[in-house]
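**Q** based on what follows, work out the 3D shape:
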Amino acid sequence: MPRFRLLSAALAVFVAVLATAIAGPATAQRAIEGATAHPSVPTPQGSYITRDEFVDYAEIDFPAGPLVRGEDQPTLSVAGAHTRQEFTIDGYEVAPLRLYQSYLQYFEGEGFEIVFSGIGGELTGGGRSVDFLARGIYAATPSTASEAVYILAQRPDGSEVIALSVFDRQNNRRIMVNVVEVEEMETLDLFAAPVAEAPEETLEEEIVALPAQTGEELQTGLVSDGRVVVNAILFAFDSDEVLPDSARALETVAGLMTDNPGLRLLVVGHTDGVGSFDYNLRLSLDRASSVVSWLSERHGIAADRLRPAGAGPMSPITTNRTEQGRALNRRVELVEMID
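**A** Numbering: from 1, shown residues only. Model (predicted):
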């Protein structure tokens, strides 16, 4: 199964566009428990997953141009791992046009090429029927053709294709997303002997290779830039638990604060782009709080000299598309607070 591509900090911009327009929390009994959005497609705040399907290989013909009477509709044929998800927004307070423009802005900001997009009559050359959105597995038919929304986007190298439509059903607005990770199909060796799987490596292990700094190096960074990354603060995978190997780095930070009694620090946690935006934001704050607790409880640093904050995936220092890049983006930074 191919690895999903990861979102960058543009996800935060997309969420902010829609955050104030969507009413109320998700309806828990209708949402699919435990389902998470595909990392390449952000979802509006307040939406929840009501359909979540995956198949490791599928061949799909996505509509790639308007459906004009008497003409063959252009299509984009792709094959690979296919994810199909439906997101529901209670009620109709978010207009299809707002969703359409927000997703276009997001895809273009992420470097996608827009193969075909349109709203209402743009999808049919002025005609009324948008039934093509309901065929196959890629979308669904809006109840009102004038508000039909469809976007087909792909990465410049053709490695990922996303088809998105907006429609209404059961008095709610829905977003149907189809993502194909394009690849050639590998056949199965039906006669191969079973092979024991190697233990899965966690994404956090790359951080171990980063060298710890001295107190002087930390102070130099704070003086020159007002902020500095503390390399060797490590956490258990997907957790705010500070690992014992972090003791030396945290002792260095405590020593720096002891030697500079007037120094006050903002401790900022950062994550990579794996997982949902809200989850990563919460995890980054929890990790920063764990660092503050360690410094206060084990080294006696006054609590009013430290303040935790979480930036989640909003401020990467490099790409999240590689293992090395994600490792660098998972970090703790110290920011000097000036009264």
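
**Q** which SSE is immediately downstream of the helix or strand of the chain with the lowest mean pLDDT?
**A** Of the helices and strands making up the chain, the lowest-confidence element is helix 10-18, at a mean of 48, by mean pLDDT, DSSP states H and E. Downstream of helix 10-18, the first helix or strand assigned by DSSP states H and E is strand 48-63.

**Q** in terms of secondary structure, what does that following strand contact?
**A** Under the contact definition 3 or more CB pairs under 8 Å, 6 or more residues apart in numbering; DSSP states H and E, strand 48-63 sits against strand 75-90, strand 149-154, strand 160-169, strand 172-182. Placement of C-beta: from N, CA and C, glycine included.

**Q** would you list those in JSON lines and tack on mean neighbour count?
**A** Supplementary listing: the helices and strands packed on strand 48-63 in JSON lines, determined by neighbours: other CB atoms under 10 Å:
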{"stretch": "strand 75-90", "mean neighbour count": "20"}
{"stretch": "strand 149-154", "mean neighbour count": "25"}
{"stretch": "strand 160-169", "mean neighbour count": "23"}
{"stretch": "strand 172-182", "mean neighbour count": "22"}
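
**Q** okay if I get the ones you listed as TSV plus distance to residue 122?
**A** Converted to TSV, these look like this (distance: least, CB to CB, whole Å):
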stretch	distance to residue 122
strand 75-90	17
strand 149-154	9
strand 160-169	13
strand 172-182	18
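
**Q** okay if I get these as a markdown table plus distance to residue 312 and mean pLDDT?
**A** Conversion of the helices and strands packed on strand 48-63 to a markdown table gives the following (distance: least, CB to CB, whole Å; pLDDT from 0 to 100):
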| stretch | distance to residue 312 | mean pLDDT |
| --- | --- | --- |
| strand 75-90 | 20 | 90 |
| strand 149-154 | 24 | 92 |
| strand 160-169 | 23 | 88 |
| strand 172-182 | 22 | 90 |
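
**Q** can you point out the helix or strand that includes residue 107?
**A** Secondary structure from DSSP H and E places residue 107 in helix 96-109.
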